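*Asks:* Predicted model and sequence below, questions to follow.
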Amino acid sequence: MDLSEFELIGRIASKAVGSPRIETGIGDDAAVIRTSGKIVTSVDTAVEGVHFTSDRPAAEVARKAIACAVSDIAAMGLGAGDTEILVAFGAPRETGERFLEGLADGVVESAAEFGVDLAGGDVVASPVLFLSVTVIAHVGESTPLLSRSGARPGDVVAVTGPVGGASAGFGLLSGVEAPGLGELSRDLLIECQLRPQPQLAAAPVLARAGATAMIDVSDGLNADLGHIALASGVGIRLEGKEIPIMAGVPEVAAAAGVDPLSFAISGGEDYVLALTIPEDRFAEADSALIDATGFELLAIGSVESPESDCPAVKVFAEDGSDLLAPPGFDHFGGSGADSR
């Protein structure tokens, strides 16, 4: 590395914006942060060769890592504000100074974009590039928080936006040629893959409107709703024709020789929110979401009593037949349509 560890830390510290909550921040052995109420915290890690490739720009790599980490607090029903991040990153010793500076700048810029404060972290030499982001959100006792375990039979299953775009974007970046795809659609799908948008505006609105369980769609709709089914002890029925598929996905799926629904259900990395909500609260939540974000809440299925001791997600075709949905991404068990 052309920059020393401490020069790199100093560069980050000089650009990071402080917060009244951070009594001692970057540059000491530990951060000292004032707090009250509850702390919601999460850790997310991005690794070269798994989540991104080495040819991507440094700032893009940093932004995606932080966006994915921040999305975890959105899944709990929280928005921006009163949140710190700690970022640890490692890089091979031969990594150039320009890339390291871009990575540092990307961390600072992304923290500002998502309304979080950079409180510290770590810098190490590593065989591969990685970023590990810890998110710490401060909430009052009365702030509604969501988990995966609150879904109940009769709830509506919904999402905050279309799915499949990130997986299709990954396919395009991996060399899939889709001749019928327009340039605008191509750019949008690649943007879905490279620049995820955590649902920080939508999350607290849905928590206040009565959502019973929520998760961000990172590993695929099938896998992530499966987490809710398992934690809540319920079954989840999805109507295949109601699942909103991002524009351009059918063209990419056709070029790849797969069903577009597999991109939508199993691709992952869309980072929309999937949630359950009582049927009599759906209209209120939809209206509140439109007011806050301009986007509708999209119903895609329902919560049911489990058919066995193994709660599961089932996807049904328009004729009522049960579609065999491929699994989502699993770091130790393989992947569905994606291969992060």
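*Replies:* Great, that's in hand. Numbering: from 1, shown residues only.

*Asks:* can you give me the helices for the stretch 151-300 of the chain?
*Replies:* Assigned by DSSP state H, counting those that start in this stretch, the helices in the stretch 151-300 of the chain fall at 165-173, 183-194, 202-208, 221-232, 249-256, 260-266, 282-293.

*Asks:* With mean pLDDT, mean neighbour count and distance to F89 added, can I get these in a markdown table?
*Replies:* Glycine gets a C-beta too; all of them are placed from N, C-alpha and C. Below are the helices of the stretch 151-300 of the chain laid out as a markdown table (pLDDT from 0 to 100; neighbours: other C-beta atoms under 10 Å; distance: least, C-beta to C-beta, whole Å):
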| stretch | mean pLDDT | mean neighbour count | distance to F89 |
| --- | --- | --- | --- |
| helix 165-173 | 94 | 27 | 22 |
| helix 183-194 | 96 | 18 | 18 |
| helix 202-208 | 98 | 23 | 26 |
| helix 221-232 | 94 | 23 | 26 |
| helix 249-256 | 95 | 22 | 32 |
| helix 260-266 | 90 | 27 | 29 |
| helix 282-293 | 98 | 16 | 31 |
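
*Asks:* quick one, which of the ones you listed is nearest to A119?
*Replies:* Of all the helices of the stretch 151-300 of the chain, helix 202-208 sits nearest to A119, with 21.5 Å by C-beta to C-beta.

*Asks:* Nearest to G77 among the helices of the stretch 151-300 of the chain would be which one?
*Replies:* helix 202-208 (3.1 Å).

*Asks:* Can you spell out which helices and strands pack onto that closest one?
*Replies:* helix 58-75, strand 213-216, strand 273-277, helix 282-293 (3 or more C-beta pairs under 8 Å, 6 or more residues apart in numbering; DSSP states H and E).

*Asks:* CA-only coordinates of the last one in CSV, if you can.
*Replies:* Backbone C-alpha positions of helix 282-293 (Å, rounded to 0.1, in the frame of the first residue of the first chain) are rendered in CSV as follows:
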residue,chain,number,x,y,z
PHE,A,282,-53.4,-2.5,4.4
ALA,A,283,-55.2,0.5,2.9
GLU,A,284,-54.0,2.8,5.7
ALA,A,285,-50.4,1.7,5.2
ASP,A,286,-50.7,2.0,1.4
SER,A,287,-51.9,5.6,1.7
ALA,A,288,-49.2,6.5,4.2
LEU,A,289,-46.5,5.0,2.0
ILE,A,290,-47.7,6.9,-1.0
ASP,A,291,-47.7,10.2,1.0
ALA,A,292,-44.2,9.5,2.3
THR,A,293,-42.5,8.1,-0.8
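
*Asks:* packing partners for that helix?
*Replies:* Partner elements for helix 282-293 (3+ C-beta pairs under 8 Å, 6+ apart): strand 156-159, helix 202-208.

*Asks:* Please work out the angle formed by the directions of it and strand 273-277.
*Replies:* On the basis of axes from the mean of the first three to the mean of the last three C-alpha atoms, to 10 degrees, helix 282-293 is oriented at 150 degrees to strand 273-277.

*Asks:* cool, the longest one as well?
*Replies:* Between helix 58-75 and strand 273-277, the angle comes out at 10 degrees (the same axes, to 10 degrees).

*Asks:* Could you pull up the residues touching V128?
*Replies:* V47, E48, G49, G90, P92 (C-beta atoms under 8 Å, 6 or more residues apart in numbering).

*Asks:* I figured the second one was touching S54, is that so?
*Replies:* Same thing as E48. Yes. With contacts counted by C-beta atoms under 8 Å, E48 reaches S54, the gap being 5.6 Å.

*Asks:* With adjacent residues omitted, what lies nearest to L261?
*Replies:* Nearest non-adjacent residue to L261, counting by C-beta to C-beta, 6 or more residues apart in numbering: G240, 5.9 Å away.

*Asks:* Pull the number of nearby residues for P196.
*Replies:* For P196, the neighbour count with other C-beta atoms under 10 Å is 22.

*Asks:* what's the closest non-adjacent residue to it?
*Replies:* According to C-beta to C-beta, 6+ apart, the nearest residue to P196 is Y271 (4.3 Å).

*Asks:* tell me the contacts of the one you found?
*Replies:* A67, C68, S71, A166, P196, Q197, P198, Q199, D216, V217, S218.

*Asks:* Which single one of those is nearest to P144?
*Replies:* Taking the contacts of Y271 together and measuring to P144 by C-beta to C-beta, the closest member is Q199, at 15.5 Å.

*Asks:* for D322, what are its contacts?
*Replies:* With the criterion set at C-beta under 8 Å, 6+ apart, D322 makes contact with K314, V315, F316.

*Asks:* and those residues as CSV, adding pLDDT, distance to P179 and secondary structure?
*Replies:* Below are those laid out as CSV (pLDDT from 0 to 100; distance: C-beta to C-beta, whole Å; DSSP: H, G, I helix; E, B strand; the rest coil):
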residue, pLDDT, distance to P179, secondary structure
K314, 91, 35, strand
V315, 92, 29, strand
F316, 89, 32, strand
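
*Asks:* Of those - the most surrounded one?
*Replies:* V315 leads the contacts of D322 on contacts (other C-beta under 10 Å) with 23 neighbours.

*Asks:* partner residues bridging it?
*Replies:* L238, L323 (DSSP bridges).

*Asks:* pretty sure it is touching G240, no?
*Replies:* Yes. With contact defined as C-beta under 8 Å, V315 counts as touching G240 (5.3 Å).
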